[in-house]
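My questions are about this predicted structure, shown below with the sequence.
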Amino acid sequence: MGYNHSDVNKNIGSASIMGGYVYRGSTDPCLYGRYLYADLYASAMWTGTETPESSGNYTSTLIPFSCSKDSPIPCDTAAGSPLPSLGYIYSFGEDNNKDIYVLASKGVYRVVRPSLCSYTCPTERRELSEDWSCPHCKAKRKAEQKILVVKAPPVLIVTLHAYEFVSSTETKKLEVNVRFKEMFNIRGFMKQRRMESNTLYQLVGVVEHIGDPAGRARYISYVRANKMEGPKQHSSESKSWFYASDGHIREATLNEVLGCKPYMLFYERVGD
């Protein structure tokens, strides 16, 4: 894992990597199992994900971060950047609850629930706006809501929310860049993480919607031509991807696939 220091701060020059921790807390379930680290200048933060598990192979992902709307520390935006101004990041810390802290020159910050920073995590524990009617005790109770996978399927299909209603008769396409990976481990989204031994999936197909919903749209697909076998099964350098439209089929690269704007993602469980 690493990064080009000059890409972080071209004016000042080289910085240093501030090592962190593998996140084992429950506050942000979407961060679970990932190694969190940052740059000294606090202008970038990454997670390292081991894929496949116990392989010793990590991939780095640049992640966004912002201050909680309930932060007791004043949090200004860095000049020329949407990121918060933390000053310098000196170190990371972990408490007995496995919560992660960022020690910066402007204060100590704790990793909090994603929704407090306007981010979305499907497995985040959310408090319901109204008391829940308990079917067993026949009473109103305070409750939290979350969505988890009970059983890992052989094929996982993810449909993304592509439109929003602006009126009762009109829809608007959402222009949002969705980052996704070739390998996807759903262990952090399982109801019982230890019940399923195989929760690693490999991308085998993508459907992309191009155009607007007013009749001037079309769909294209990216398809993995054959199921990978042997030692290259987890390789991100696969050449077996193909682009398919209404009238054209050609070979595509994995980078092209991962750079598209997906409408549907198709994952196949590795080893099935």
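That came through, no problem. Residues are numbered from 1 along each chain as shown.

mind listing the helices in the stretch 1-150 of the chain by residue range?
Secondary structure of the stretch 1-150 of the chain by DSSP state H, counting those that start in this stretch: the helices cover 5-8.

just for it, where's the confidence low?
Along the stretch 1-150 of the chain, segments meeting pLDDT under 70 span 1-15, 52-53, 80-81, 122-132, 142-145.

Domains of this structure: list them as residue ranges, please.
Following automatic domain parsing, one finds the domains of the chain at 5-117, 155-269.

how about TSV for the ones you listed, with distance to residue 136 added?
For every residue, glycine as well, the C-beta is placed using N, CA and C. Converted to TSV, those look like this (distance: least, Cβ to Cβ, whole Å):
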stretch	distance to residue 136
domain 5-117	25
domain 155-269	19
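
which stretch among the ones you listed comes nearest residue 140?
Distance to residue 140, taken as Cβ to Cβ, is lowest for domain 5-117 among the domains of the chain, at 23.3 Å.

measure stretch 187-206 end to end?
End-to-end span of stretch 187-206 (Cα to Cα, to the nearest Å): 22 Å.

If we go by neighbour counts, what in it is buried?
Neighbour-count burial for stretch 187-206, counted by 16 or more other Cβ atoms under 10 Å, picks out 187-190, 196, 199-206.

Just name the lowest-scoring one in these, pLDDT-wise.
Across the buried residues of stretch 187-206, the smallest pLDDT goes to residue 196, namely 66.

quick revisit: out of the buried residues of stretch 187-206, the closest to residue 24 would be?
So of those, ranked by how close each gets to residue 24 (Cβ to Cβ), first place is residue 188, at 11.0 Å.

How many residues are close by the closest residue to that closest one other than its chain neighbours?
Leaving aside its chain neighbours, residue 188 sits nearest to residue 32 (4.5 Å; criterion: Cβ to Cβ, 6 or more residues apart in numbering). As a burial measure, residue 32 scores 19 neighbours (other Cβ atoms under 10 Å).

Check the one 4 residues further on too.
By other Cβ under 10 Å, 22 other residues sit near residue 36.

Residue 61 now?
Neighbours of residue 61 using other Cβ under 10 Å come to 13.

Quick check: the gap between it and residue 133.
40 Å (Cβ to Cβ, to the nearest Å).

Same question for residue 100.
As for residue 100, its distance to residue 133 is 36 Å (criterion: Cβ to Cβ).

neighbour-wise, which of those two wins?
The neighbour comparison of residue 100 against residue 133 (other Cβ under 10 Å) goes to residue 100, with 21 against 11.

got a list of what that one touches?
Each residue near residue 100 by Cβ atoms under 8 Å, 6 or more residues apart in numbering is listed here: 20, 21, 23, 25, 36, 92, 93, 94, 110, 111.

mind redoing it with 7 Å?
Applying Cβ atoms under 7 Å, 6 or more residues apart in numbering to residue 100 gives the contacts 20, 21, 23, 25, 36, 92, 94, 111.

now swap in residue 78 and tell me
Shown in contact with residue 78 (Cβ under 7 Å, 6+ apart): 43, 84, 85.

One more pass at 6 Å, please.
residue 85 (Cβ atoms under 6 Å, 6 or more residues apart in numbering).
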